Structure formats: C-alpha cells, structure tokens
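K.L.:
Structure for the following, please:
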Amino acid sequence: MTQVAVIKGKDRYQNVLSALETLEDEIKPNIKNKKILIKPNMLSVYHQPAASHRDSLRAITKFIKRFSPKEIAIAEGGCFGVRRIQDVFTGFNRYGYLDLRKKIPEIRFIDLNRDKHVRTKFLNIKHQEIEAKISKTAVGDWYRISLAKPKTSDFCIVTLSIKNMIGCLQGYDKMKIHGFSTSRMKEMIRHYSKKILPRVNPYPFPLYGFKNEQFAECCRILNKNIVRLVKVVPPSLSVIDGFDGMEGNGPLHGKLVRLRVAVASADYVAADAVMAKIMGFEPFDVGYIYYAYEEGLGEADLSAIEIKGAKIEDVAAKFKPHANYRYQLKWKE
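P.N.:
So this is what the prediction gives:
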C-alpha cells in the first residue's frame, strides 16, 4: 500500500526530518550511494513565502547524508521576471541556501536555466505538438527530490510537488507548458505586471487578456502538459514543506497560512493528493493529479493510501482558493 508521511509540529526543520525518518525503510535502499538532485521551489528570488525555506533543505540534506550519496546537488530554474528571468543564484544566496555548504561543503548548486538542454514535447492550445527546452542535467540519472510548498495556483488550483518540476524547463520555455508561444506569455506577463499587481483584487476577467473559454482551455492543456513533463523528470521522492502555505491569489501574491505540516512520499501523486486534501481541495479536482493517476503514475485514491503520522482530518485547513478557481475547474468539462 502506498505510504505518505504526515507530520505536524512547531518546528519546520524537525517536521521535514521526521517525515523523512518515518519513511526511512522505504527510502534508504533507493537513495544509498546515488546521485541526489533536490529541486526546491523558487518562483521569486525576492519573496520568501513563494520559495522553499532553507530549513527544509537543511533537513533533507542532513537526512540523505546518512546514506553516503555519490553527489548532492540543489538545482532550480524558476524565478520569473517581467523583463527577464531572475538570477537563480540571487535566490540561493538571499534565502540562505548557500550556507548549507558550511556543513556539507561538497553540495553543488545548479542554475538549470544556464545548463545545456534537451528537448521535450508539449501540446499547444490547438492540440498540436510543440518543443520546449529542458535542462539536460535535470533529465540525467538522479534520485530526484521535489521540495514543494503548498500554494494555491492561478492556473491549476494548487502548486505542489508535481507542478514544482516546471522549474526544470529553461527560461521562458517554461511558458510553453501552458500551451502558447513564448511571445504570447511575455505579453501576458507585461499585462500582469502593469495592470494586475497594483490592484487590491488582482484577477478581474478576462485574466491576462484571455476570454474565459480560452482560459479554461489553457488550464486543461497545462494540466495535461504537466503530466508529460513529469514523465521526463519524475520525482523519486516528494517533500512538501507545509509549515506555512499560501492561499488566495497564489502562487506568488497569496496570503500566508500557518499550517505547520510536512508531507513526504516516494509516490509523488499520493503526496500531492494528500496535501491537496489537507488544503481543503478534492484531489481529483486538480487536473494534473487526476491525469497522473489515470495514466498509472501514482496513487490518488485516498482510501488506497496509508497515512503514517497525523490524520488528514486532524491537520486539515480550508485554504481560500484563487479568485479564478471556478474557471480553473472547467478543465473537466
């Protein structure tokens, strides 16, 4: 039976470490003497609530160091900017990730945006295949750990460990996963920065200049493409640091939620399904969880998942959904 660790406590570092230790018997045989790539979530290099906390990284590196890995790398390629992609190493430094070298000097830090690339295929909103660049390093022979934060999303309801892997795509090619061209996405970002950020309620429709039906189709394609992506760079282990999360207009501008929970699983679909439920959302309402489950990539039926630690109902919090939540649900139509 698929196992998911759910730990609630007053210390972020200890929560993540305890979640991993709960699953140690399952993780240890697969991690020993392997190359480890940790993929944190860093949507912005200037806004810590939208990025993984260094204490969760500290807990993961301490845990995996016990098993003599061949290599430990922390790699990210996120960080959207209005005019250009933000520098990943600015975030590594600003958020204290580089301090991890004081305890583990051999840790390697990688900017996936500046890496060599291979190509992968997605669908556009016309259901035609298009190519996008993905980091060659990320596709390599790694034990991948997706370190996510529980945040609401403006396109697919929640951002969790599966969606976190979008950061393996390079530069503005990340936008192609939404189903439209890089130039269209840059136009959308300009629209977003000029017309949305200054507003108190930042998501009037048409969102990003879309008509409502176009936006719904975009959500449908994005969910399908996320599953295509995760087949190329599947997490070997999902860790969701929910010490705090983001509700409302996430994944960048939402309100902080003090959840105090960590979730971990070797089944990334199960990890996301459990955390979605903890956040107050039905797992099968999240398109990429549903599609991943349908394709046999993992377990999303909560009745088939063994929860180790705290019960879902004892840690659950009702996250306020994104303002366009009802439009995001139209992926099912």
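
K.L.:
where does residue 121 sit relative to residue 167, distance-wise?
P.N.:
18 Å (Cβ to Cβ, to the nearest Å). All C-beta spots, glycine's among them, are computed from the backbone N, C-alpha and C.

K.L.:
Comparing these two, which residue is more hemmed in?
P.N.:
Using other Cβ atoms under 10 Å, the more surrounded residue of residue 121 and residue 167 is residue 167, with 25 against 12.

K.L.:
Tell me if I'm right that that one and residue 74 touch.
P.N.:
No: the criterion here is Cβ atoms under 8 Å, and residue 167 misses it with residue 74 at 11.7 Å.

K.L.:
Phi, psi for residue 254 please.
P.N.:
Per-residue torsions, residue 254: phi -80, psi -180 (degrees, to the nearest 10).

K.L.:
Excluding sequence neighbours, find me the nearest residue to it.
P.N.:
Leaving out its chain neighbours, the residue that sits closest to residue 254 by Cβ to Cβ, 6 or more residues apart in numbering is residue 246, at 3.8 Å.

K.L.:
Mind telling me what element the one you found is part of?
P.N.:
Per DSSP states H and E: residue 246 is located in strand 245-247.

K.L.:
what sits up against that strand?
P.N.:
49-50, 149-152, 254-257, 259, 279, 319-321 (Cβ atoms under 8 Å, 6 or more residues apart in numbering).

K.L.:
Show me which residues of the following helix or strand past it are buried.
P.N.:
The helix or strand immediately downstream of strand 245-247 is strand 255-257, counting by DSSP H and E. Buried residues in strand 255-257, defined by neighbour count with 16 or more other Cβ atoms under 10 Å: residue 257.

K.L.:
what ranges of the stretch 201-333 of the chain fall below the confidence cut-off?
P.N.:
The model of the stretch 201-333 of the chain has pLDDT under 70 over residues 201-212.

K.L.:
quick one: the strands in it?
P.N.:
Using DSSP state E, counting those that start in this stretch, the strands of the stretch 201-333 of the chain run over 237-242, 245-247, 255-257, 261-265, 305-309.

K.L.:
Compare these and report which one is nearest to residue 330.
P.N.:
For these, the distance to residue 330 is smallest for strand 245-247, at 20.9 Å, taking Cβ to Cβ.

K.L.:
For the residue nearest to residue 168 when sequence neighbours are not counted, give me the pLDDT.
P.N.:
Nearest non-adjacent residue to residue 168, counting by Cβ to Cβ, 6+ apart: residue 138, 3.9 Å away. Residue 138 is assigned a pLDDT of 98 by the prediction.

K.L.:
OK, contacts around the residue nearest to residue 71 when sequence neighbours are not counted?
P.N.:
Distance criterion Cβ to Cβ, 6+ apart; nearest residue to residue 71, sequence neighbours excluded, is residue 35 at 4.6 Å. With contact set as Cβ under 8 Å, 6+ apart, residue 35 has these partners: 69-71, 73, 140-143.

K.L.:
got it, and residue 119?
P.N.:
Neighbours of residue 119 in contact, by Cβ under 8 Å, 6+ apart: 131-134.

K.L.:
Quick check: phi and psi on the spatially closest residue to residue 70 that is not a sequence neighbour?
P.N.:
Closest residue to residue 70 apart from its sequence neighbours, by Cβ to Cβ, 6+ apart: residue 35 at 5.0 Å. Main-chain torsions, residue 35, degrees, to the nearest 10: phi -80, psi 130.

K.L.:
Before we move on, what's the pLDDT of residue 35?
P.N.:
With respect to pLDDT, residue 35 scores 98.

K.L.:
likewise the one 4 residues further on?
P.N.:
For residue 39, the pLDDT comes out at 98.

K.L.:
Equivalent analysis for residue 175, please.
P.N.:
84.

K.L.:
all helices for the stretch 151-300 of the chain, in order.
P.N.:
Ranges of helices within the stretch 151-300 of the chain are 182-191, 212-232, 268-278, 287-294, based on DSSP state H, counting those that start in this stretch.

K.L.:
of all those, which lies closest to residue 99?
P.N.:
helix 268-278 (26.8 Å).

K.L.:
Tell me which of the strands of the stretch 201-333 of the chain sits most buried.
P.N.:
strand 261-265 (a mean of 31; mean count of other Cβ atoms under 10 Å).

K.L.:
Chain neighbours aside, what residue packs nearest to residue 45?
P.N.:
Once flanking residues are discounted, residue 45 sits nearest to residue 91: 3.5 Å by Cβ to Cβ, 6+ apart.

K.L.:
part of a strand, is that neighbour?
P.N.:
No: looking at residue 91 with DSSP: H, G, I helix; E, B strand; the rest coil, it is helix, so not inside a strand.

K.L.:
hang on, isn't it packed against residue 79?
P.N.:
Yes: counting by Cβ under 8 Å, residue 91 touches residue 79, with 6.1 Å between them.

K.L.:
Give me the common contacts of these two.
P.N.:
Residues touching both residue 91 and residue 79 (Cβ under 8 Å, 6+ apart) are 42, 44-45.

K.L.:
quick one: strands adjacent to the helix or strand where residue 119 lies?
P.N.:
Residue 119 belongs to strand 117-123 when assigned by DSSP H and E. Strand 117-123 pairs in its sheet with strand 129-135 (antiparallel), by DSSP bridges.
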